[in-house]
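Novice: Based on what follows, work out the 3D shape:
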Amino acid sequence: MMARNLLRSFTSPSSLNPVTKIKNYFSIDRNLGPLSFFCSTATAVPSPTSSPSSPDSSESVPKDSLFARLVRVRKPKDSIPQVLQKWVDEGREVDLDNVRIIIKSFRSYKRYSYALRVSEWINGIQHSKLKPADAAVHLDLIAKVHGLEQAEKYFESLPDNLRVIQTYGALLNCYVKSKSLRKAEEIMQKMRQLGYNKTLSYSGMLTLYVQTRKLEKLDSLVQEMDGKGIPFDNFSYNIWLNACVVGSDIVGMEKLLMRMEADPVIVMQWNSYGIAANGYLKAGDFKKAEVVLKKSERLIEQAKATGRTGSKAHNKADEKAGQAYEFLLTLYATMGRKDEIRC
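Specialist: Residues are numbered from 1 along each chain as shown. Next up is the predicted model:
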C-alpha cells in the first residue's frame, strides 16, 4: 500500500510513466549506493534564446537588460565581451552584484562557457574590487571549461589576498570532482596548516574517499573531525553513512543513524533513511529496509507540506518530493514488491 501511495503522490499527466522512471533509476551504481543521487540535483539547460528565469516564476527579465542581452548570445567566446563592452559604451552601469547574479544563473543552467566569459570580463575591468568568492567561482569555471591544469595555473597566479579559504576550497573541490586523490590530499594538508578546518572541505575529502574506495582513510578523517571538534552536518553524515553501506558495515550504519538522531543540531531528512534502506537491501534484510523506508516517506511528506508557502515554493517542494518518491520506488522494486507498485 505504501508504494502505491507514493505513485499517486508524484505522478502527473505530463510526467514520465512511473515504470519508466523506476527503470531509469536502476542505473545508479549499486556499489557506491545513492551518494550521487542524494548529494546533487540535475538542472535543465535552456536553449540559447530562452530566459534563465524559472519556468514557474511569474517574473520576466526586462527585454533590454544586460541579462537579456547576454542570454541571447550564440557564441560566448567572442560575443559576450562585445555585449558587455557595448553596454558600457552606451553609458550604462555594470553593477558587480548584478554581474554575480548573472554568473550564478548561467552556472545553475550549466552554461559554464557563458559564465566564464562574463567572469573574465569583469575580472579585467574590476579586478581590485573582486572578492575571494569571485575568484573561487572563476577558478571553478576555468576547471569546467578549460580543465584542471588551467585552474591550477589561475590559482597560482592569485595574489595573497585572494588565495584564502574560498579559493583553496574551490581548488580542493576540483580535485575531488576529478578524483585526483594525491593532489586533493596535498591541498587538504595545506589547508590544515593554514587553519582552514571547515566542515565543507572535510566533506569533500570524505566524498573522494568513498568514490575511490579508500574507506580506511575515511575512518581516519572521521576520527580527525571528532578530535578537532569539526561539526558534522547532514551532508557529511550522509557521506559517512553511505561509506558504511559501501563497506557492508550494517552495524556501523545503525550506530551512525542513532548518532544522527541524537545529534541536537541535526534535523533528520528523508535521504538519510533512504541510504540506510539501500544498506539493508544490500544485506538482504527487507524487513528493516521497509521500516526505514516508512520513516523516509513521512519526512518527505513533512518537507513537501512545509514548502507550501507560495506557488514557487510549492512547485519546488513538489519537485523535490517527486525525486525522492522516485528513488524510494526503485528500492521497493529492488525488494521485489511488484504488487506494491502497480498503478
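Novice: What separation do you get for L218 and T212?
Specialist: Distance of L218 to T212, given as Cβ to Cβ, to the nearest Å: 10 Å. Any C-beta I mention is one placed from the backbone N, CA and C, and that applies to glycine too.
Novice: Looking only at neighbour counts, state which of those two leads.
Specialist: Set L218 next to T212 and count neighbours by other Cβ atoms under 10 Å: L218 wins out with 23 against 14.
Novice: Mind listing what's buried along the helix or strand hosting the more buried one?
Specialist: Per DSSP states H and E: L218 is located in helix 215-228. Residues of helix 215-228 classed as buried: 217-218, 221-222, 225 (neighbour count, 16 or more other Cβ atoms under 10 Å).
Novice: Need those in a markdown table (columns: distance to H138).
Specialist: A markdown table is the format used below for these (distance: Cβ to Cβ, whole Å):
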| residue | distance to H138 |
| --- | --- |
| K217 | 30 |
| L218 | 31 |
| L221 | 29 |
| V222 | 32 |
| M225 | 29 |
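Novice: can you name the two of those that are farthest apart?
Specialist: Farthest-apart pair in the buried residues of helix 215-228 is K217 and M225; separation 12.8 Å (Cβ to Cβ).
Novice: quick one: contacts of stretch 115-122?
Specialist: 70, 76-77, 80-81, 84-85, 94, 96, 99, 102-103, 106-107, 130, 134, 137-138, 141-142, 144-145 (Cβ atoms under 8 Å, 6 or more residues apart in numbering).
Novice: From the residues you listed, keep the buried residues only.
Specialist: Buried, going by 16+ other Cβ under 10 Å: 70, 76, 80, 84, 99, 102-103, 106-107, 130, 134, 137-138, 141-142, 144-145, out of the contacts of stretch 115-122.
Novice: which SSE is G195 in?
Specialist: Short version: G195 belongs to no helix or strand, going by DSSP H and E.
Novice: Distance-wise, check it relative to E254.
Specialist: For G195 relative to E254 (Cβ to Cβ), the value is 35 Å.
Novice: Settle it for me: which of these two has more neighbours?
Specialist: More crowded of G195 and E254, by other Cβ under 10 Å: E254, with 16 against 8.
Novice: got the contact list for the more buried one?
Specialist: Contacts of E254 by Cβ under 8 Å, 6+ apart are A276.
Novice: Could you tell me the per-residue confidence at it?
Specialist: E254 is assigned a predicted lDDT (pLDDT) of 97.
Novice: Output the below-cut-off pLDDT ranges for this protein.
Specialist: Residues of the chain meeting the criterion pLDDT under 70: 1-63, 307-321, 336-343.
Novice: which residues in it form strands?
Specialist: With DSSP state E, there are no strands along the chain.
Novice: got the buried residues for stretch 240-252?
Specialist: 240-247, 249-250, 252.
Novice: In TSV, list those along with distance to I275.
Specialist: Listed next are the buried residues of stretch 240-252 as TSV, based on distance: Cβ to Cβ, whole Å:
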residue	distance to I275
W240	10
L241	5
N242	5
A243	10
C244	9
V245	6
V246	10
G247	13
D249	13
I250	12
G252	13
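Novice: Closest to I300 out of the residues you listed?
Specialist: For the buried residues of stretch 240-252, the nearest to I300 is L241 (17.5 Å; Cβ to Cβ).
Novice: The closest one and L215, how far apart?
Specialist: 13 Å.
Novice: quick one, helices of the stretch 151-300 of the chain?
Specialist: Secondary structure of the stretch 151-300 of the chain (DSSP state H, counting those that start in this stretch): helices located at 165-177, 181-193, 199-211, 215-228, 234-246, 250-262, 270-283, 286-306.
Novice: Do a quick rundown of the helices in the stretch 1-150 of the chain.
Specialist: Under DSSP H, counting those that start in this stretch, the stretch 1-150 of the chain gives helices at 2-10, 18-25, 35-39, 66-71, 76-89, 96-108, 112-125, 132-146, 148-157.
Novice: Any idea which of the ones you listed gets closest to E297?
Specialist: That would be, of these and by Cβ to Cβ, helix 2-10, which comes in at 6.5 Å.
Novice: Now V94: closest residue in space that isn't a chain neighbour?
Specialist: Once flanking residues are discounted, V94 sits nearest to V88: 6.2 Å by Cβ to Cβ, 6 or more residues apart in numbering.
Novice: The one you found contacts Q82, correct?
Specialist: No - contact criterion Cβ atoms under 8 Å: V88 and Q82 do not qualify, at 11.0 Å.
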